[in-house]
Every structure is written in C-alpha cells, then in structure tokens.
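Trainee: Show me the folded form of this:
(one chain, ligands or ions: 2)
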Amino acid sequence: MAAKIAYAMQLPATRIEPANLTGKPSGSLRVTRRLKEWKRQQLLLISPEFQPNRVLNRQRGDSLEVSCSPASVLESESFYAPLDDESLILMKKMELVEPYLRGRNIYLVGMMGSGKTTVGKVLSQALDYLFCDSDALVEEEVPGHSVASIFERFGEDYFRHKESNALQRLSLRNRLVVSTGGGAVTQDINWKYMNTGISVWIDVPLEELANRIAAVGTHSRPLLHQESGDPYTKALTRLSALFEERHKDYRKATARVSLENIAAKLGHGDVSNITPVRIAIEVVFHPSLFMFSHVLSSCAQVVFEAVSRLFPC
Ligand SMILES: Nc1ncnc2c1ncn2[C@@H]1O[C@H](COP(=O)(O)OP(=O)(O)OP(=O)(O)O)[C@@H](O)[C@H]1O
Ligand SMILES: O=C(O)C1=C[C@@H](O)[C@@H](O)[C@H](O)C1
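Mentor: Ligands and ions are numbered 1, 2, ... in the order given. Below you'll find the model as predicted:
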C-alpha cells in the first residue's frame with residue numbers, strides 16, 4: 001500500500017494540488033497556506049486522550065490479531081487498479097487527514113447494505129489501517145455459526161451481547177476501520193466504545209439499499225428475511241420500519257456522509273453510480289474528522305452540509 005501511495009505521489013503528470021482537491025482551480029497557494037495554518041492550529045489542540053495506545057495493543061495480543069485483516073489482502077485491491085483519478089484524490093486527501101486522525105479508529109455505521117464493508121476496505125487500504133468487521137468477529141466467537149444462525153439458534157439479545165463485546169475489544173485497539181453491524185447503534189453501551197474513535201454514518205436512500213439487497217437476496221440478513229413478497233419489496237418494507245426506529249441513533253455518529261448529498265454535488269441524477277472510493281473521499285475529508293470534541297464536530301457537520309448545499313462542487 002505504502003508503495004502504491006508513493007508511486008501515486010511521484011507521478012508528475014498526476015500531481016494534485018490542494019486547490020484541485022477542493023474543486024477550485026485558482027488560489028492554490030492561498031489554499032495551501034490556509035491548510036497549513038489550519039493544520040498547525042489543529043495540532044495545537046490535540047488532546048492526550050487521542051494518543052495512539054500502541055503499548056496496550058501489543059500487551060493484549062488477543063484474537064483480533066487474526067480477525068482483522070490488513071487491507072492489502074482484501075478484495076478492495078480492485079478499486080485501485082488502475083490508479084484512477086478518484087483513487088489518486090483519495091490518497092492525497094489521506095495525506096492531509098492522517099495527522100488529525102492520530103491513529104483513532106474509524107467506525108462505519110449505517111443500515112444493512114449501506115456499504116460499510118465495501119467502503120471500509122477501501123478506507124483501510126488508503127489509510128494503512130486494519131479492516132475489521134464486527135459481524136465477522138461475533139461469528140468467530142460462536143464457532144460454526146453465521147450471523148443468521150446465531151439469530152435463529154440463540155436470539156437477537158445474545159447476538160447484541162456478543163456484538164457489544166466485539167466493539168469493546170476493538171475500542172482497545174487503534175488504527176482500525178471497523179464495519180459495524182447495522183443495529184450496533186441501537187445499544188447505548190456501543191456508543192461508549194465507538195466514541196473512543198470517530199464514527200461515520202453512511203446514509204444511503206432506502207430504495208438503493210433495497211435494490212442492493214434484492215440483488216443478493218435476504219438469506220444472510222435475518223432481520224429482513226421474515227417478510228413475504230419479492231426480494232425488493234420485502235427488503236424495502238422491513239428496512240423502512242427499521243430506519244424509522246433507528247434514524248435517531250445513526251444521527252449520533254460524529255459524521256454523516258449522505259449519498260444523496262454526494263449525488264447532488266456531482267450532478268448525478270441518482271445515487272447508484274457513486275463509487276466506494278468517492279464515498280471514502282467524502283469520509284476522510286469530512287470536517288468532523290478534524291475536530292476533537294463531539295459538540296464541535298456536530299456544529300462542523302451542520303455548517304458543512306449547509307455550505308455544500310449552497311456551493312455544490
Ligand atoms: N457504492 C456502491 N455502489 C454500488 N453498490 C455498492 C456500493 N457499496 C456497496 N455496494 C454493494 O452493496 C452490497 C452491500 O455492501 P456491503 O456489504 O459493503 O454493505 P454493509 O453495510 O457492510 O452491509 P451489512 O451491514 O448488511 O453487512 C454489496 O453487494 C456491495 O457490493
Ligand atoms: O441491522 C441489523 O440489525 C443487523 C445488521 C447486520 O449487519 C447484522 O449485524 C445482523 O444481521 C443485524
């Protein structure tokens with residue numbers, strides 16, 4: 001991965017100035033100076049509680065070592081071959097955002113099918129973080145069972161308990177991108193763990209979720225498998241009910257990345273053509289990632305969304 005980034009950075013023909021990253025072709029020097037100054041001020045604000053806790057990680061040495069994978073071995077590899085414009089932008093943005101992350105974990109939250117796993121793998125590869133899937137961790141804790149069979153055999157409460165245990169263990173680590181289960185946000189205790197890092201809600205319209213899920217079927221998703229009807233209607237009906245119950249919980253995330261907003265910004269008619277790399281770009285350059293207090297980041301989010309609507313770029 002480092003080699004890929006280095007390779008991308010060395011290509012003179014593809015060098016990207018910070019001004020290009022913001023979509024504004026002029027005033028590159030001014031933007032660079034402003035970025036530097038902003039960076040300097042943010043570094044002064046860094047609180048000790050966000051220092052990476054590598055010693056703790058080494059001491060624990062638990063099974064997370066095997067269940068979280070380095071991004072280079074993941075199938076997200078294909079998102080970087082060939083190195084397209086979006087991938088280059090993502091890598092360049094990573095360089096800007098990395099000092100602010102300071103090793104904090106990124107927890108992706110969102111409804112089933114919202115792309116937490118797909119985008120998470122891209123992000124982890126670009127950041128050189130490990131990728132972890134909390135559902136996979138729960139499955140490892142209950143050998144021989146999938147999420148669907150854990151629900152069927154032991155019930156949802158048992159699954160939620162195991163899910164919280166998994167998130168607790170992950171929160172003791174750093175430099176992880178975690179794809180959380182779609183319902184993880186409903187348990188208050190999980191926020192205690194996720195708030196040790198940065199949480200990002202990938203907000204995808206329900207119709208798009210239903211399309212994606214219908215394409216692969218509802219078998220592996222026990223909470224969607226109960227309705228009758230064709231796969232699309234079945235998924236949409238249940239997802240709508242779940243979203244009604246959960247939207248207030250998703251809003252607790254540090255940052256919200258909305259596919260509708262990205263589509264509006266890019267002038268796309270619908271959200272189905274937004275690539276995982278593009279979504280990862282929105283995640284890493286969300287202003288909330290640069291903020292260290294939850295209150296400040298919530299304010300940044302409101303301002304960011306208002307400005308994005310006024311000046312789509
Ligand atoms: N940006 C995208 N555009 C189109 N399809 C996508 C995109 N991101 C993910 N998908 C597809 O949507 C489906 C669900 O994606 P993924 O497994 O990453 O979601 P998830 O949030 O991890 O789901 P779950 O919580 O149910 O495990 C997959 O088939 C994936 O290929
Ligand atoms: O939305 C949910 O509640 C779930 C989502 C999946 O990721 C799994 O965690 C499980 O199927 C429950």
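Trainee: Residue 276 against residue 122, yeah?
Mentor: Yes: contact criterion Cβ atoms under 8 Å: residue 276 and residue 122 qualify, at 5.0 Å. Every C-beta, even on glycine, is put in place using the N, C-alpha and C of the backbone.
Trainee: Could you check how far residue 200 is from residue 185?
Mentor: Noted for residue 200: a distance of 12 Å to residue 185, by Cβ to Cβ, to the nearest Å.
Trainee: Show me which of the two is the more surrounded one.
Mentor: Taking residue 200 and residue 185 together and counting by other Cβ atoms under 10 Å, residue 200 has the greater number of neighbours (28 against 25).
Trainee: about what we covered before: what touches both of residue 200 and residue 185?
Mentor: 109, 253 (Cβ atoms under 8 Å, 6 or more residues apart in numbering).
Trainee: Tell me the buried residues in the longest helix that the chain contains?
Mentor: Secondary structure of the chain per DSSP state H: the longest helix is helix 231-250. Applying a neighbour-count criterion of 16 or more other Cβ atoms under 10 Å, one finds 231, 234, 235, 236, 237, 238, 239, 242, 246, 249, 250 buried in helix 231-250.
Trainee: Check which helices and strands that helix sits against.
Mentor: Packing partners of helix 231-250 (3 or more Cβ pairs under 8 Å, 6 or more residues apart in numbering; DSSP states H and E): helix 206-216.
Trainee: tell me which residues of the helix it packs on are tucked away?
Mentor: By 16+ other Cβ under 10 Å, the buried positions in helix 206-216 come out as 206, 207, 208, 209, 210, 211, 212, 213, 214.
Trainee: Please work out which residues outside that helix touch it.
Mentor: Contact with helix 206-216 is made by 111-114, 221, 224, 230-236, 239-240, 243, 259, 270-272, as judged by Cβ under 8 Å, 6+ apart.
Trainee: out of those residues, who's near ligand 1?
Mentor: Of the residues in the contacts of helix 206-216, proximity to ligand 1 by Cβ under 6 Å from any ligand atom holds for 112, 113, 114, 221.
Trainee: Lowest pLDDT pick from those?
Mentor: Scanning these for pLDDT, the low point is residue 221. It has 76.
Trainee: Let me know whether that residue touches residue 112 as I believe.
Mentor: Yes: between residue 221 and residue 112 there is a contact under Cβ under 8 Å: 5.5 Å.
Trainee: For residue 186, list the residues it contacts.
Mentor: Counting by Cβ under 8 Å, 6+ apart, residue 186 touches 245, 246, 249.
Trainee: quick one: which of the residues you listed is nearest ligand 1?
Mentor: Nearest to ligand 1 out of the contacts of residue 186 is residue 246 (Cβ to the nearest ligand atom; 12.3 Å).
Trainee: What sits closest to residue 262 if chain neighbours are left out?
Mentor: residue 274 (5.4 Å; Cβ to Cβ, 6 or more residues apart in numbering).
Trainee: In terms of neighbours, single out the busier of residue 276 and residue 122.
Mentor: residue 122 (30 against 20).
Trainee: could you check the distance from that one over to ligand 2?
Mentor: From residue 122 across to ligand 2, the span is 18 Å (Cβ to the nearest ligand atom, to the nearest Å).
Trainee: And that residue, which helix or strand is it part of?
Mentor: Using DSSP states H and E, residue 122 maps to helix 116-127.
Trainee: Report the inter-axis angle for that helix versus helix 206-216.
Mentor: Going by axes from the mean of the first three to the mean of the last three Cα atoms, to 10 degrees, helix 116-127 is angled at 100 degrees with respect to helix 206-216.
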